[in-house]
Structures are given as structure tokens and as C-alpha cells.
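A.B. asks: here is the input, now give the coordinates:
(chains A and B)
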Amino acid sequence: MAVTGTAAPRAAQKGFNATSLAVVAALICAAPILVVAWIALTGDTGDYLAHLAQTRLPTYLTHSAYVAGVAALGTGLLGTSLGWLIARTQFPGREFLGWVLILPLAVPAYVAAYAWLDLSTAGGPLYTATNGLFPTIRGSWGAGLMFSLVLYPYVYLLARDAFASQSADVYDAARTLGSAPWHAFMHTALPMARPAIAAGLALVMMESLADYGTVSHLGAPTLSIGLVRAWSGAGSLVDAARLSLVLVVVALFIFGLERAQRRRARSVTGSGKTRPPQRFVLGGWKGIAALLFCLLPLALGMFIPLGRLAYLALSEPSTTDLLDASLNSLTLAITAAIIAAALGLSTAYALRSKGIIATMSARAAGLGYAVPGAVAAVGVIAILSGTQQILDPIWRDLTGAVFPILLTGGAAALIFAYLSRFAAAAIGPAESALSRVTPALDGAARTLGATPLQTARLVHWPLIVGGLTSAGLLVFVEVLKELPATMILRPFNYDTLAVIAHSYAADERLGEAAMPSILITLVALLPMVFVARYLSSRSAGGQDR
Amino acid sequence: MKFASAVLATAALTLSACSQPDSATSDTIQSEQRVVNVFSARHYRSDEHVYAAFTAATGIDVNLIGANGDQLIERVRADGERSPADVIITVDAARLHRAEEAGLFARTDFSQLAANVDDHLIDPDGYWVGFTMRARVIAYSADRVAEGDITTYEQLADPRWAGRVCIRESGNAYNQSLMATMVAKSGEEAAEAWAAGIVANMARPPQGGDRDQLRGIAAGICDVAVVNHYYYAMLANSGQEADQDAAAASVLLFPNQDDSGAHVNISGVGIAANAPHSAEARELVAFLLSADAQRLFAEMTHEVPVIDGVEWDNAVLEAMLPFREDQRNVSELGDHNATAQRIFDRVGWQ
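C.D. replies: Numbering: from 1, shown residues only, chains lettered A, B, ... in the order given. Have a look, this model is predicted:
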């Protein structure tokens, strides 16, 4: 872990000279997934996969595509429209909504699924109130809907940042030339934001493919269900690893699409930042409509599910002490977020070098996101225990005993697992932010006599800090919610909010799962308030200039 | 500069966090305080009370890691001889079987330790013992189904229940163990025909947890459901009026009382092969099988005690007992788990 921690800032300072350290850091993050691949490829071959191909595999594949497709559609529409409203318009409550709209990301998708199924299932309050007309939120469309409601902030966050930093010139030119606002949006603002939106969608699709809790509760038979069944039902970790390789291949494909988007977008982002965009003032009913539109995903993704749980909580008051768990969650999430942001930045710089090794290691680091956490944790365990075994002979010479259990079961193992799993959430946004820094800007700065360090500090940093903060925030919230790796790698007697929420929810005690779930969103609020203040003070300063 | 300080703070956090498990182990070695390290797949927060009672009774502190059973097995296996695990607890006999096959348990003489536990709840190879029972039972609508209309698991596949059965997805460990029992009882072919019959009888695609199946009966979606007995008890004991109504709408039936008995799965425990504190581990196993712990399980998680003569205060559970449970050794559940899974896949049980 030390490598990751120190490599990142150094690489950031030296700019594109120290790509090798970033490459090493990225490869360390990729290692667990590579180990899973190794398990998959070298394990015993049984007939389980053949059995699966004859029975459930086609179902798993189609439903995975279905769930990820619905999630991408939902988050794409919500995230892009919300991002545009917040970044480019002015209406009552906009500033407040700007960061509140990120919050549903802190609601674990399975928690939303538990609450919505509870509300809409036969006999639930929505079912009863509408005489069974309200559809039961279930199956693959239900899971896709849940992901849309809690994962749209990925797209929103990145799209908002992209819209906000776009030059208004192109859009204004289109308007001046007679384009209707909608037409101008579709042909100027949207294409320019496409890399950011694509980066967000890639994250959404990978997260919904890797999810287990939501799809299992709502009865959506995706590939990750098949994977867990191979492991838990048939007892074959090897076949589970093989199925996760399928997910990895899908992730590579999604990455490929995202890259293609980015290349196509390059033509329209030729100029640097020129003139800050003017906000469209939405007055009267338009403003109210915008406000209501923004409140809708908040209500569906956060207030209604958490409200339902809170209502249930009143009848089953929990006595669990949540203070320690909150502190643990916060510590882990902050630590991982800072390291991940540094990693994302250094990897983005390494990618800028366009070296083949840099590109491949960055892509490999991102793959952890596509694999269910439980399987990724197996890779982490294998690496740590393998390292300990390698150290055994040396240690035995020194002390006569086997190497102590220092690596597994420590918080460092957890941070390692988080980085491996969520590196994609940091690299994508950082890369998208850095893509705004065109080579022409570097050239101009250097021509004016700036050193590489000065170029990075004075030219790059102001342009990328927003995107980088988003990267850190995404990882922060991901870690708060993370469950499978946390459960198996945590030290003794070490609870996090997500672990406690899950242990009640798994027991179908939704009321008692409410408090830890609500606390997860409250804890997520802390850095968001801080970051929102920091960013808005910066942009205020920017306008003064 | 901000960056540098952030990195320093991070390093400090990581280091301090790293030192936590370290200090736990050094406590174990250096001080007089006795500890036992528990790896448990039981996710019940109320188990804290059981461990607190153990510490109060014996002075032995409990270190706990809770995670999914398959993950626990993988971690203990990978850690090998340096694993800190003293006892491994799972909530499914098939997982115990798998842990046994992975060589994670030490063979233990249960003749004294589990003297009062029925033989069929103890691993014949002597690696683990069940300490609570959970029965997979049938619930039927109090209004729409007459007493005696259904009395066995086999009848669930009867066409008379077409479109009337609620049951959850087949990834659920208890559906798997029920299917494993059917395989053990009547062979793979008959079990598959039975599973296909249930799929044909389903009132809706599998969804939700066991409580949702009971709510399905109350809402009139289905007339019979298959659930674990304690979910019914949880609904009946809930503070929600709607939950109590849902429980009241169905009658709980322990199937096959005239022949094979109701299917039970177990929460089971074994002592780890490389247990650093095996004496303390034995004491914990003995405590889990004591009247004190058994009373807590019956009262807090509505699980059925494995020893007779335990006094407890839980009217809902009391009303369910006694029942006749399947006398087949629960280790057979592990033998047939993989077969059960394949049957589910073949008959398209989601």
C-alpha cells in the first residue's frame, strides 16, 4: 500500500515523467482480478459449466444485459438532464440541490430494493392502497429501476462537471445561427459532455452487472446470481471465477465503447476554457418544474425508501451502538478516497503518455469494478496469504516460526481491496477531467516559460480539481456501502454501518436496518458539504478574476 | 502542501488501523486474558448477548468476525496454519460439510461435549455439531385452505396447488437443503419431478424473502408458502400491526409428521484445525450447547433448541412445538447440495 500512497502525488508533481510509478500502482490494484483470472484458468475442469450452458446460462446473460441496459438508460436520462439543469440554469433551490442530488448514491441499491419491494409487494402499503394496481417492483426491470434511482449520481456528477466547464461560445454560436435551445443542446453541449457521460455510464453498467444483493432480492437472474450459485450451491469457486471472467470481458467491451466515445469527442473540444457559460434563468412555472424534476429522483431514490425503513424502525427500535461503526466507516472511506483520488490522478497522467503499458495497466486496474465484491475479495485474500507464505521461509530462519498474520485481517487489507475494487471509479473521472487539458494548453504554458511542475500546478490543477474531487467522492461513497470485501477482510470486532445494515436486512429485519442505512447517507453528507463549499468558493473566486 | 499533509494523514490512519488486529493478537499472547476467536456466518446482532453471557460465565473474551459462510471458508483455508480462527460457525449444514472437506476443522470428541444432542445433528465424522435447529415448514391460508388439505412436502407438487404456491428463489440455502433432503429421501429423479411440479404450481416468480411469502398468503396471491419457522415467529412478534395480521392469515404446518418428519437445517459449530486457543474453543462449544445459550437462541432468534428440558419465554415458538423432525443425519444435506442445485437449474426454478 505504501507504494500506492507515495507514488501518486509524486507522479502528479512530475507530470508525465513518472508514469512508471503510476503503472506499478495500477498493477497492484489490478492484481486481485488477475489472481481471480488465474484461478479461473488453472482450476480443475468439471462439467458444471457445460451443465450451466445447457440450463441457465442464456437466461443469466440476457438478464444481465437487460438489467444493465435499463440502468444505463435510466441513469443516462436522469444524470444528464439533472447535470444540465444544475450546471447551466438558475432556478429556486439550485445551489442546495447541486450537492443534495449526489446523496442517493449513498443509499445501497439493495437497501432501496428491500424498501421498494416491501412497499409494493402483495400486501404492502402501495399494493393495498391501489388495490393491486401499483406494479410490484421486482425482476430485471425492477432491479434496473433501483440502479437508476441510486446510481444516477455517477452520470449526474460527471455530466454536471462537464457542462459547467464547457465554453459557452459553441453553444451561443449555435443559438445565434438560429438553432432552437434543444437543438443547440443536442448538437453542442451534449457532444462535448459525452466523454464524461460515457465514463459515468460505464461505471453504472459495471456496478449493476457486479451487484448481487439487489438482483437476488428482486428475483432478477443475472450472471452474478449464477456466479454466486456456482460458488455457494455447487461449491465451485473455480467456476465462479470463470463466470466472473465473463463479466471482465463485458467490462473490457464497455471500456472500449467508452474509449471510442472519447476519441469521437476530441474533435469538438479543441479549444480550452474561454468564457464561462451563462446560466439560463428559469423563472415562474419553469423554475418550479425544474425544482420538482430534481426532487423526483431524490424522493424515489432516497426519501421514500429510507422513510419506509425509518417508519418500520419506529416499531422495532434498535439498540445497537452505531457510533463506533460510523467512525470505522468514515475512517475507511476517507482513507480509501484520498488514496484513490491520488491513484486516479497519477493513472490519468500515465494514460496521457499514451504508452501501451500505461494504458493496459490502467485498464486492468479498472476491471475490479466489474467483478462481484465477494469474488474480488478472494483475489485479495489469495494475494495476501500468498505473500505471507512466501515470507515464511525467511521468517522461519529469523525466528523459527511462520510469518505472523499481519496482512490478512488488517485495515490495510481492506484499503487494498477497496482500491482494487473501486479504482475504476477514480480513474474514469480523473481521466475525463484531465482530457479537458489539451496538449495545446501544455504547449502554450511551456512556450511562456513555465516548468512542467508550474504547468501542472497553474494550468492543470484548476481545470481538474473538480473532476478529481468527484473521483474521490465516488470512491468515498462506494466504500461506505461496500459489503462483501469488508465483511471478510475486516479485523476482529470491527463493524461498519454497511455491515450492520446488512446483518439486519439479511434477517429481514428492515426496521432495524433503517438506522445504519440512514446513517450511511448522513455520513456521506459530511464530505459532500465540505467539498461543495470548497468547490463553490473556488468557482466564485474564478469568476472574480 | 495540502496534498502532502493529506498523504501523511492517510499513512497515519492506515498504520494505526493496521495495528489493530496486531494488538488483538499480542493481547492474546502476552496478557492473562483468555480469548476465543470466532468466525461466524450467523448475522444475528443478538448473538452479542450470547457471547456476552459466555464471557460473563467463563471470563473468556470473544473476538468476532462475521461474514458469509463461503467467504469464511475461503479465508480460513487461505490463511492456513496461521489462521487465527478457533471456532467456525455456519448456518447451513452444507457449508459445514464444505468446511470439513476443506480440512478446516479439528476432529473433536463430541460424546461428552454434546452428550444431550441427538445423533442426527452431529457430524458422523466428528468435525462439527449443530447447536440450533431451523425447520423449513409449510404455511397455508387460514381462510382458503382446510386443515388436512396439505400435510407433506410431496403434496406441494400436486396439480391441485397449481398457481397457489409462494416460495423464494432457489439460491436460498434453505431451499437447497430442502431439495437435498428430497434427493436423499427419494432419489434424484423423483426429486427433480417434485421440483418441476412446484415450479408449475408457483403463484408468481420467486421474489423477496420468507416474510414476503407469508405476506403473499395474506394478500391472496397464494394459498400455501414454504418458509423457515422463525420468520413466521418474527412476523407474529412484530410491532407492526400489518405483520401481525399477515401472520394471523396463515397457519403454520410442520410437514410429514406421520413419516419422515419436518426438514430441519442447523446452525453448527466446529473447532478449527489450527485453533490457537483450542481449550477456549471447547468451552465456547460447550456453552453454545448449554441451557443458558439455548434459552437465548429460543427467545431472541426463535430457533429450536437442540437439547431437551430448556426453559424459555417465547409464546409463539412454544405454540409450534413439539414437532417431529427428519431423523436423517444433517451431514447428508451437504452430500446432496450440488445435486440439488443442478435440479433447480434444470427445472428452471429461478
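A.B. asks: tell me how many other residues surround A:G79.
C.D. replies: The tally of other residues near A:G79 (other Cβ atoms under 10 Å in any protein chain shown) stands at 28. Where you see a C-beta, it was placed from the backbone N, CA and C, and this is true even at glycine.
A.B. asks: check what pLDDT the residue lying closest to A:T89 once chain neighbours are set aside gets.
C.D. replies: Distances taken as Cβ to Cβ, 6 or more residues apart in numbering or on different chains put A:F280 closest to A:T89, at 4.7 Å, once the chain neighbours are dropped. Note on A:F280: pLDDT of 83.
A.B. asks: surely A:F280 meets A:F91?
C.D. replies: No. If you go by Cβ atoms under 8 Å, A:F280 and A:F91 don't touch, sitting 9.2 Å apart.
A.B. asks: middle-most residue in the chain, spatially?
C.D. replies: Let's take chain A. Centroid-nearest residue in chain A: A:A425, 4.4 Å away (criterion: Cα atoms, centre = their mean).
A.B. asks: meant chain B, my bad for not saying
C.D. replies: Residue closest to the average C-alpha location in chain B (Cα atoms, centre = their mean): B:V91, at 2.9 Å.
A.B. asks: picking up where we left off before, roughly how far does the residue nearest to A:T89 sit from chain B?
C.D. replies: Distance, A:F280 to chain B, using Cβ to the nearest Cβ, to the nearest Å: 35 Å.
A.B. asks: contacting residues for the residue nearest to the centre of chain B?
C.D. replies: B:A41, B:R42, B:G69, B:R134, B:A173, B:N265, B:I266, B:S267 (Cβ atoms under 8 Å, 6 or more residues apart in numbering or on different chains).
A.B. asks: ok, B:Q71 next?
C.D. replies: Counting by Cβ under 8 Å, 6+ apart, B:Q71 has contacts A:A374, A:A377, A:V378, A:P484, A:M487, A:I488.
A.B. asks: for the contacts of B:V91, work out which two are farthest apart.
C.D. replies: B:G69 and B:R134 (14.3 Å; Cβ to Cβ).
A.B. asks: ok, back up a step: confidence score at the residue nearest to the centre of chain B?
C.D. replies: pLDDT, B:V91: 92.
A.B. asks: need the pLDDT of A:G449.
C.D. replies: Per-residue confidence (pLDDT) for A:G449: 84.
A.B. asks: wait, I meant A:R545
C.D. replies: Here, the pLDDT recorded for A:R545 equals 30.
A.B. asks: now the nearest residue to B:D118 once chain neighbours are set aside: phi and psi?
C.D. replies: Computed as Cβ to Cβ, 6+ apart, the closest residue to B:D118 that is not its neighbour in sequence is B:V306, at 7.0 Å. Backbone geometry at B:V306, expressed as degrees, to the nearest 10, gives phi -100, psi -10.
A.B. asks: what do you get for A:G400?
C.D. replies: phi 80, psi 0.
A.B. asks: likewise for B:N265?
C.D. replies: Per-residue torsions, B:N265: phi -110, psi 170 (degrees, to the nearest 10).
A.B. asks: go on, A:T89?
C.D. replies: Dihedral pair for A:T89: phi -130, psi 170, per degrees, to the nearest 10.
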